[in-house]
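Chemist: Fold the following.
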Amino acid sequence: MNRSDLLVEVRDLDYAVDGRAIFKGLNLQAERGRITAIMGPSGTGKTTLLRLLMGAIHPQGGSVRFFGAEVPQLGRAALYGLRRRVGMLFQNGALLTDLSVFENVAFPLREHLRLPEPLLRRLVLMKLQAVGLRGAATLMPSSLSGGMARRVALARAIVMDPEVIIYDEPFVGLDPISMGVVVRLIQSLNQTLGITSLVVSHDVREISAIAHQTYLLSEGAVVAAGTPDSLRATAAPVVEQFMNGLPDGPVPFHYPAPDYHQQLLRDPA
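Modeler: Presented below is the predicted three-dimensional model:
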């Protein structure tokens, strides 16, 4: 693989919070024009990884490269320039509740560009058409279903024609029909626009339908990588537990705590 095809490259990444290791020697990469999925049980640092990629936080060790640049070394202007090349679909959409659907999608254009109003209007309506919601342009976020809100947020994420779209748990809280719509949109945007997609999720079925490459995180590192089918064939217990949704396995039900009986019977005095 040509190194220029790598948009994201994470090597030997170390990151800890209050002495608790989130990542210990994490390695992964994302290729241009492909859908790369990052999966793992809750609490494995998937969203933290996105914050590291976007320069919101810095690692304690290792390398985080995005568009060929070492993200922690970027100055303010260069970091903002990198972020303008990326569209972000936040968990739960994060729409601005006091703005209409149209103005939510128009917000990045008004913030970063000085476009004539007729051109801005065309761009916004084109992006809303792409997600099937041009007819909802005048609605307020409070009038939208969860699936519609997620699609409006996706229109906002692509309105600046980004090279990369990052999806942070895009399927959370959606009914099966809305989930299917979002899955189709992720796939169609990747295919028709050539956009590189990073999808953080724990929804195995949906990711398996669209991802070209999948990384499964656990205990601060990648425990399995490959196509969704190859992950299903992996014999590692943590991979089998996650991919098949098993309640028992290496990922425990209980958060680490003192001995139950000792803690309950201990004299509070």
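Chemist: What's the first helix or strand after the helix or strand of the chain with the lowest mean pLDDT?
Modeler: When each helix and strand of the chain is scored by mean pLDDT, DSSP states H and E, helix 237-244 comes last, with a mean of 60. Using DSSP states H and E, the next helix or strand after helix 237-244 towards the C-terminus is helix 260-265.
Chemist: Please save the CA atoms from that next one in PDB.
Modeler: The C-alpha trace of helix 260-265 is given here as PDB (Å, rounded to 0.1, in the frame of the first residue of the first chain):
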ATOM      1  CA  TYR A 260     -18.500  -7.300  48.100                       C
ATOM      2  CA  HIS A 261     -19.100  -8.900  51.500                       C
ATOM      3  CA  GLN A 262     -16.200  -7.100  53.200                       C
ATOM      4  CA  GLN A 263     -17.500  -3.700  51.900                       C
ATOM      5  CA  LEU A 264     -21.100  -4.400  53.000                       C
ATOM      6  CA  LEU A 265     -20.200  -5.700  56.500                       C
END
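Chemist: which residues sit against that helix?
Modeler: residue 257 (Cβ atoms under 8 Å, 6 or more residues apart in numbering). Any C-beta I mention is one placed from the backbone N, CA and C, and that applies to glycine too.
Chemist: now it: how far from the chain's centre is it?
Modeler: In terms of Cα atoms, centre = their mean, to the nearest Å, the centre of helix 260-265 is found 40 Å from the chain centre.
Chemist: can you check stretch 42-52 too?
Modeler: 9 Å.
Chemist: what comes up buried for that stretch?
Modeler: 44-46, 48-50, 52 (16 or more other Cβ atoms under 10 Å).
Chemist: With stretch 56-66 instead?
Modeler: Those would be 59, 62, 64-66, for stretch 56-66 by 16+ other Cβ under 10 Å.
Chemist: Tell me where the stretch 1-150 of the chain has strands.
Modeler: For the stretch 1-150 of the chain, applying DSSP state E, counting those that start in this stretch gives strands covering 6-17, 20-31, 35-39, 61-66, 69-70, 86-89.
Chemist: before we move on, what about the stretch 151-269 of the chain?
Modeler: 164-168, 196-200, 213-218, 221-226.
Chemist: For residue 5, which of the ones you listed is the nearest?
Modeler: Between residue 5 and those, the tightest spacing by Cβ to Cβ is seen for strand 196-200, at 9.9 Å.
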